[in-house]
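# Just to be clear, the model below is a prediction. Sequence and coordinates:
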Amino acid sequence: MNLVEKVRNDLTTAMKADERIRVSVLRMLLAALHNEEIELRRELRDEDVVRILRREIKQHEESIREFSRGRREDLVRSEEEELGILQEYSPKLMAEEEIEKYVNEAITEVGASEPRDLGRVMAAVMPKLASKADGATVNRIVREKLSS
């Protein structure tokens with residue numbers, strides 16, 4: 001069963017159990033997946049689903065920060081609950097030590113030696129880590145390695 005099917009099955013289960021928030025979150029996620037499918041003009045693969053899921057998670061995290069700044073604890077709790085539901089579907093991210101191994105390989109592969117080679121290293125490493133690591137974390141590690 002792929003990730004989209006799992007979300008659809010869980011939506012049906014949540015509807016039967018009258019879990020309003022879960023139903024709302026899963027419908028929102030399915031809508032985002034459907035929109036991406038239309039935009040790409042093909043069926044989504046699991047890595048596409050993970051990418052969209054991470055985007056939705058980042059949006060919720062940003063909302064939590066903004067609502068906290070605005071002292072809207074009611075909205076913070078709501079966003080945190082929705083975030084928890086989304087995170088159930090997100091695969092575990094690699095540890096930074098594992099990411100460093102891939103980054104070191106990519107640096108050697110492209111012959112990078114200075115910070116201006118960042119783009120070449122990122123282009124070499126991200127296809128390997130696309131659904132396993134956050135791009136911002138990979139970027140930070142590459143910058144650190146190239147600055148040393």
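The structure has been received and is ready for your questions.
# wait, what's in contact with the spatially most central residue of the chain?
With distances taken as Cα atoms, centre = their mean, the residue of the chain nearest its centroid is Arg54 (1.9 Å). By Cβ atoms under 8 Å, 6 or more residues apart in numbering, the residues touching Arg54 are Ser90, Asp134. (Glycine included, C-beta is placed from N, CA and C.)
# Repeat the analysis, applying 6 Å as the threshold.
For Arg54, no contacting residues are found, by Cβ atoms under 6 Å, 6 or more residues apart in numbering.
# Which positions in the helix or strand encompassing Asp10 come out as buried?
Taking DSSP states H and E as the criterion, Asp10 maps to helix 3-16. Neighbour counts over helix 3-16 (16 or more other Cβ atoms under 10 Å) mark Leu3, Val4, Val7, Asp10, Leu11, Ala14 as buried.
# Next secondary structure after it?
Per DSSP H and E, the first helix or strand lying C-terminal to helix 3-16 is helix 20-40.
# Could the C-alpha coordinates of that next one be exported in PDB?
Taking Å, rounded to 0.1, in the frame of the first residue of the first chain, the C-alpha atoms of helix 20-40 are listed here in PDB:
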ATOM      1  CA  ARG A  20     -13.300  15.800  13.000                       C
ATOM      2  CA  ILE A  21      -9.800  17.200  13.300                       C
ATOM      3  CA  ARG A  22      -8.100  14.100  11.700                       C
ATOM      4  CA  VAL A  23     -10.700  14.100   8.900                       C
ATOM      5  CA  SER A  24     -10.000  17.800   8.300                       C
ATOM      6  CA  VAL A  25      -6.200  17.300   8.200                       C
ATOM      7  CA  LEU A  26      -6.400  14.200   6.000                       C
ATOM      8  CA  ARG A  27      -8.800  16.000   3.500                       C
ATOM      9  CA  MET A  28      -6.400  19.000   3.400                       C
ATOM     10  CA  LEU A  29      -3.500  16.600   2.700                       C
ATOM     11  CA  LEU A  30      -5.400  14.700   0.000                       C
ATOM     12  CA  ALA A  31      -6.300  18.000  -1.600                       C
ATOM     13  CA  ALA A  32      -2.700  19.100  -1.700                       C
ATOM     14  CA  LEU A  33      -1.700  15.700  -3.100                       C
ATOM     15  CA  HIS A  34      -4.400  15.900  -5.800                       C
ATOM     16  CA  ASN A  35      -3.400  19.500  -6.800                       C
ATOM     17  CA  GLU A  36       0.200  18.300  -7.100                       C
ATOM     18  CA  GLU A  37      -0.900  15.300  -9.200                       C
ATOM     19  CA  ILE A  38      -2.700  17.700 -11.500                       C
ATOM     20  CA  GLU A  39       0.300  20.000 -11.700                       C
ATOM     21  CA  LEU A  40       2.700  17.200 -12.500                       C
END
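# Much appreciated, bye for now.
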